[in-house]
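K.L.:
No sequence on hand, only this structure:
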């Protein structure tokens, strides 16, 4: 850049041209620095956004992995429970079948001996008929269960047939071999079909989705506990506020409820007291009075109350309190009595406030002059 180039077009000295060049150079440098700063800020913002996006992706992947792990664990537990249930069912079926076979081995010979007569040898088939009918009916019940048909009449007939066989075994066994033998034969005639009938009853309960005895007993116990809790709650609400409870009962009847629900009771309380349950105008007033007493005792304002003190104002501007407990050394009444110390310049007033104070000073001066 030459001296001629630094000289302004409209004239001017060399110094002025040099100053203009330095100013332009400084502006260009400032612009370069600003652009570089903006570039760095944009780069930093991009890096932060990328880091946050990466963290979100990693968090999502971790949550997905945890969810898959939980599902896999739940499937394994369900499969283990199913395998255990199937194994138990198969063991129960084998045990029931084994007991039934043993009972037949004990009871059938006693019945054969009871019906044996050389002159009427054909009666030897009667025990097979008695035992066979019972087991045939139980198989009919099993087929009915598998087919989804009623099975109670098959099972009832099987138990009746088993009872007849048991009476025959008891009568013959007691007379021929003693009471113990007769009782044992009778029990074997009953236990075999009864055990198998219990097996079929379990299958029926599973098919129909019946609840177990323990489940029904637990539900009844919980229902009784809930009834006791509801009774105590109703008594407590009546004792607390009978008017609200009467209104709740009225609303419950209008809404088709046998007992007022919590929502209905809240509505009734709001209609009577205008607040949430447990709150009344007296309780709210007492709470506010207690908070005010704590504020006065600690000589500090609460967060939800006006924190503006009037101690920077002239004590002659307000009338002293008639309550000696609220009067301070200078007669002020709104700050607990004794005002805090103020130093000149501590209180910062706005322009409008300063204007108003100037006007107030002029009015006071004018009133004193007129007096």
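P.N.:
Thanks, I have the structure now. Computed from a predicted structure; not experimentally measured.
K.L.:
Please identify the helix or strand for residue 277.
P.N.:
Secondary-structure element containing residue 277, defined by DSSP states H and E: none, the residue being outside all helices and strands.
K.L.:
any idea how far it lies from residue 289?
P.N.:
For residue 277, the distance to residue 289 under the criterion Cβ to Cβ, to the nearest Å works out to 22 Å. (Glycine included, C-beta is placed from N, CA and C.)
K.L.:
what's the following helix or strand after the longest helix seen in the chain?
P.N.:
Under DSSP state H, the helix in the chain containing the largest number of residues is helix 14-115. Remark: after helix 14-115, the chain's next helix or strand is helix 126-147, criterion DSSP H and E.
K.L.:
State the mean pLDDT of that following helix.
P.N.:
Looking at helix 126-147 alone, the average pLDDT works out to 79.
K.L.:
tell me, what residue is most central in the chain?
P.N.:
Among the residues of the chain, the one closest to the centroid is residue 262, at 16.8 Å (Cα atoms, centre = their mean).
K.L.:
And that one, what's its pLDDT?
P.N.:
Residue-level confidence at residue 262 comes out at 89, pLDDT.
K.L.:
what about the stretch 151-300 of the chain, any weak spots by pLDDT?
P.N.:
For the stretch 151-300 of the chain, the stretches with pLDDT under 70 are 203, 205-212, 300.
K.L.:
can you give me the helices for it?
P.N.:
Counting by DSSP state H, counting those that start in this stretch, the segments of the stretch 151-300 of the chain that form helices are 152-177, 179-208, 213-240, 242-255, 262-273, 281-298.
K.L.:
how far away is the residue nearest to the centre of the chain from residue 239?
P.N.:
Residue 262 sits 17 Å away from residue 239, taking Cβ to Cβ as the criterion.
K.L.:
ditto for residue 110
P.N.:
Applying Cβ to Cβ, one obtains 72 Å for the distance of residue 110 from residue 239.
K.L.:
ok, the two, which is more surrounded?
P.N.:
Residue environment comparison for residue 110 versus residue 239 gives the larger neighbour count to residue 110, 25 against 9, counting by other Cβ atoms under 10 Å.
K.L.:
OK, contacts around the more buried one?
P.N.:
For residue 110, the contacting residues are 169, 172-173, 181, 185, by Cβ atoms under 8 Å, 6 or more residues apart in numbering.
K.L.:
ok, now with 6 Å
P.N.:
Counting by Cβ atoms under 6 Å, 6 or more residues apart in numbering, residue 110 makes contact with 169, 173, 185.
K.L.:
can you check residue 55 too?
P.N.:
Remark: with contacts taken as Cβ under 6 Å, 6+ apart, residue 55 is in contact with nothing.
K.L.:
Residue 124 too?
P.N.:
Residue 124 is in contact with residue 112, counting by Cβ under 6 Å, 6+ apart.
K.L.:
go again using 10 Å as the cut-off
P.N.:
By Cβ atoms under 10 Å, 6 or more residues apart in numbering, the contact list for residue 124 reads 111-113, 115-117.
K.L.:
now these in CSV, with distance to residue 272?
P.N.:
Written out in CSV, the entries for the contacts of residue 124 read as follows (distance: Cβ to Cβ, whole Å):
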residue, distance to residue 272
111, 80
112, 85
113, 87
115, 85
116, 90
117, 92
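K.L.:
Show me which of those are buried.
P.N.:
Buried by 16 or more other Cβ atoms under 10 Å: 111, 113, 115, out of the contacts of residue 124.
K.L.:
Of these, just say which sits nearest to residue 126.
P.N.:
The closest of those to residue 126 turns out to be residue 115 (Cβ to Cβ; 4.7 Å).
K.L.:
Surely the closest one is in contact with residue 125?
P.N.:
Yes. With contact defined as Cβ atoms under 10 Å, residue 115 and residue 125 form a contacting pair (8.4 Å).
K.L.:
more neighbours, residue 277 and residue 289?
P.N.:
For residue 277 and residue 289, the more surrounded residue by other Cβ under 10 Å is residue 277, and the numbers stand at 16 against 10.
K.L.:
Now that one: closest residue in space that isn't a chain neighbour?
P.N.:
Setting aside the residues directly before and after it, residue 277 is nearest to residue 269 in space (Cβ to Cβ, 6 or more residues apart in numbering), at 4.5 Å.
K.L.:
Might one say that that neighbour is in contact with residue 246?
P.N.:
No. With contact defined as Cβ under 10 Å, residue 269 does not reach residue 246; the gap is 12.0 Å.
K.L.:
Neighbour count for those two, which is higher?
P.N.:
Neighbour totals were compared for residue 269 and residue 246, and residue 269 leads with 24 against 13 (other Cβ under 10 Å).
K.L.:
separation between the more buried one and residue 240?
P.N.:
Taking Cβ to Cβ as the measure, residue 269 and residue 240 are separated by 10 Å.
K.L.:
joint contacts of those two?
P.N.:
Between them, residue 269 and residue 240 have 277-278 as joint contacts when contacts are counted by Cβ under 10 Å, 6+ apart.
K.L.:
residue contacts, residue 112?
P.N.:
For residue 112, the residues meeting the contact criterion (Cβ under 10 Å, 6+ apart) are 123-128.
K.L.:
hmm, try it at 6 Å
P.N.:
By Cβ under 6 Å, 6+ apart, the neighbours of residue 112 are 124, 127.
K.L.:
Please report the confidence value the model assigns to it.
P.N.:
Residue 112 carries a pLDDT score of 81 in this model.
K.L.:
And residue 318, what's its pLDDT?
P.N.:
According to the predicted model, the pLDDT of residue 318 comes to 46.
K.L.:
and if you look at residue 18?
P.N.:
We have a pLDDT of 80 for residue 18.
K.L.:
and what of residue 4?
P.N.:
The confidence metric pLDDT takes the value 47 at residue 4.
K.L.:
again with residue 72
P.N.:
Reported pLDDT at residue 72 in the predicted model: 89.
K.L.:
And it, how close does it get to residue 59?
P.N.:
From residue 72 across to residue 59, the span is 20 Å (Cβ to Cβ).
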